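[1] Sequence first, predicted coordinates after that:
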Amino acid sequence: MRPAGRPRRRGSARDPGAGAGDRALRLGRAARAPRHIAGPRRAGAVGGVTVAVPVGAFAPASAWRAHEAALALAVLAIIALFWADAADLARIWWTSTTYGHCLFVPPVVGWLVWQRRRELAQLTPIAWWPGLLGVAAGGFAWLLGDAGGVALLRHLGLVVALQGAIVALLGPNVARALLFPLGYVLFAVPFGQDMEPPLQRVTVAIVMPLLDLVGVPARVDGVLIQAGRYWFEVAEACSGSKFVLAMLAFGTLVAGTCFHSWRRRAAFMLACVVVPVLANGVRAFGTIWAAELTSIEAAAGFDHIVFGWVFFALVMAGVLALAWPWFDRAPDEPAFDPAQLQGPVRHRLDLLPAALLVVATGAAAPAWSVAIGGRAQSLPSRIYLPDLPGWTRASLSRTAAWEPRYLGADHRLLGRYVDGRGRAVDMAVAVYGVQEEGRELVAFGVGIDERWRRVADEAPVAGGSVTRITAPGPVERTVATWYRVGGVTTADPARVKFETARARLLGARQGAAALHLSAEGRQARETIEAFARDLGDLDRAIDRTAGLD
């Protein structure tokens, strides 16, 4: 329950602190000592009162100005060093509907710091060399992301490096005072894309019983729902991931500023995850039901307006309204007690050397990246699909053309094989001498052609991942996928990134290839299994075909 009265402020929360040497403020008449000055501070004198205020109550403004200037220059230098990723972050914030909430993170962090300004003024900033470890950790994360082509790690590394610079140039006491704002900065990193497939399945699981409840006949195939007269795809954009991510950021802000109790914080955060997931399922159901009652065109407009402009705001307001009576932190309560952050600090540095070390530490990662870059593996000028006993080459299907998408590949092959029983398999190979930004085996928009839609993931075949896809027609196709990187064959995109980073960082061979085997029809899986068996050792087959041996 919300407390009936305002909590009494603790004297130490506004206590200017203790320091050596006092100065006296002489007032013309007796007066009550200000509440924010803790303890008795009156010196008796006829006709006047002496109030002693410690000299160390507030850090000298000149000290803060010097450290703020050094920090500003260091931050600008780090952003310049990682300019491509800083610009990429800003582009994602501005253009991505999934990560639009990231735009609000910098101003929110600025507001959180501003709320702490009076307490921060009572702390003394210092340069602290252990903070350089944070800069180094950020640089290392960025280097791993750069080597493996993982944008998430590059963006995270940039943010962590900036956090480390703040700790190094303001010291541990100020960093502890800014712990929540510093942590909240992490919401500026676009993350959570891997949530989309499971959230798609959850949305389907919510929609189907609701359709049955209102009497709309429906059947489901993976993420495709046939309801009444229409087919609907619960696409990645319909998974509700952007709703969940925005609510996580909003919920963390509310939990950190409106609650003391960790139990209440946990309960509120749970609501911020569960409620948007359920609400998104209801939204998807409403779209399908509206299409059944009216038309698909009207439902599409309804979905855009309700979800984009009204629905999310209503759900957010509803969660906040339900939590409001349980807030247990007063709005004007100080965020921290400066008196508890006045302890001595070891491992100090002079400010100028500290600022230079911050920049030098941040520059180490991009310098190493330049040093190890450009080591492309030599590839043959031409590569060929293999001849396989029992299978003959045939013309590709013209009913629904299929070709995996690999931008900037050094070599690409696509061919069809048919056996004596008339079973047909399409074999596609893409090869890179070296992977770079925009030239990768695993990335958004790479792999299965965008004309096709993923229906469902199925059990692996010979260690390869299997996906069922469909295209207008309708035509259904099953695709098995393998990747070959650094001498390792895998179907796991995360393993691809790891092996790519390992090969680049350790100077190993950086050639990489993707193999897809695809077939149409109900017997597609059995056909792919038979072809994979006849290929023999997949490691050797991929190396020979791609020219990596």
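    Okay, I see it.
[2] For Pro389, which non-adjacent residue is closest in space?
    Closest residue in space to Pro389, ignoring its immediate chain neighbours: Asp534 at 7.1 Å, by CB to CB, 6 or more residues apart in numbering. The C-beta positions use only the backbone N, C-alpha and C, and glycine is treated the same way.
[3] Could you list the domains of this structure?
    17-57, 61-190+331-372, 194-326, 391-546 (automatic domain parsing).
[4] for this protein, longest strand please?
    strand 475-485 (DSSP state E).
[5] and the following helix or strand past that strand, which strands flank it?
    Next helix or strand after strand 475-485 toward the C-terminus (DSSP states H and E): strand 488-490. Sheet pairing here is set by DSSP bridges, and for strand 488-490 it gives strand 475-485 (antiparallel).
[6] Alpha carbons of the partner strand, as CSV, please.
    Taking C-alpha atoms only, strand 475-485 is exported to CSV below (Å, rounded to 0.1, in the frame of the first residue of the first chain):
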residue,chain,number,x,y,z
VAL,A,475,4.3,-23.8,-53.2
GLU,A,476,5.9,-25.4,-50.1
ARG,A,477,9.6,-26.2,-49.8
THR,A,478,11.8,-27.8,-47.2
VAL,A,479,15.4,-26.4,-46.8
ALA,A,480,18.3,-28.0,-44.9
THR,A,481,21.3,-25.7,-44.1
TRP,A,482,24.9,-26.2,-43.1
TYR,A,483,27.7,-23.7,-42.6
ARG,A,484,31.4,-24.3,-42.9
VAL,A,485,33.7,-21.8,-41.1
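[7] So for that strand, mean pLDDT?
    Averaged over strand 475-485, pLDDT sits at 94.
[8] re the thing from before, next helix or strand past the host helix or strand of the residue nearest to Pro389?
    Per DSSP H and E, Asp534 falls inside helix 524-535. Beyond helix 524-535 in the direction of the C-terminus, DSSP H and E gives the next helix or strand as helix 538-546.
[9] for the stretch 201-350 of the chain, what spans make up the strands?
    For the stretch 201-350 of the chain, the strands defined by DSSP state E, counting those that start in this stretch occupy 218-221, 224-227, 230-233, 348-349.
[10] Nearest to Val315, out of these?
    Closest of the strands of the stretch 201-350 of the chain to Val315 is strand 230-233, at 21.6 Å (criterion: CB to CB).
[11] what's that closest one in contact with?
    Identification of contacts with strand 230-233 by CB atoms under 8 Å, 6 or more residues apart in numbering yields 223-226, 287-288, 291-292, 296, 453.
[12] what about burial for the residues you listed, which qualify?
    Taking 16 or more other CB atoms under 10 Å as the criterion, what is buried in the contacts of strand 230-233 is 223-225, 287-288, 291-292, 453.
[13] Greatest separation within the residues you listed: which pair is it?
    Glu292 and Arg453 (21.5 Å).
[14] quick one on the thing from earlier: could the strands of the stretch 201-350 of the chain be laid out in CSV, adding distance to Arg329 and mean pLDDT?
    Shown next, in CSV, are the strands of the stretch 201-350 of the chain (distance: least, CB to CB, whole Å; pLDDT from 0 to 100):
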stretch, distance to Arg329, mean pLDDT
strand 218-221, 45, 90
strand 224-227, 44, 88
strand 230-233, 44, 85
strand 348-349, 34, 90
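[15] most packed of these?
    strand 224-227 (a mean of 18; mean count of other CB atoms under 10 Å).
[16] so what does that one touch, helix or strand wise?
    helix 196-213, strand 218-221, strand 230-233, helix 262-293 (3 or more CB pairs under 8 Å, 6 or more residues apart in numbering; DSSP states H and E).
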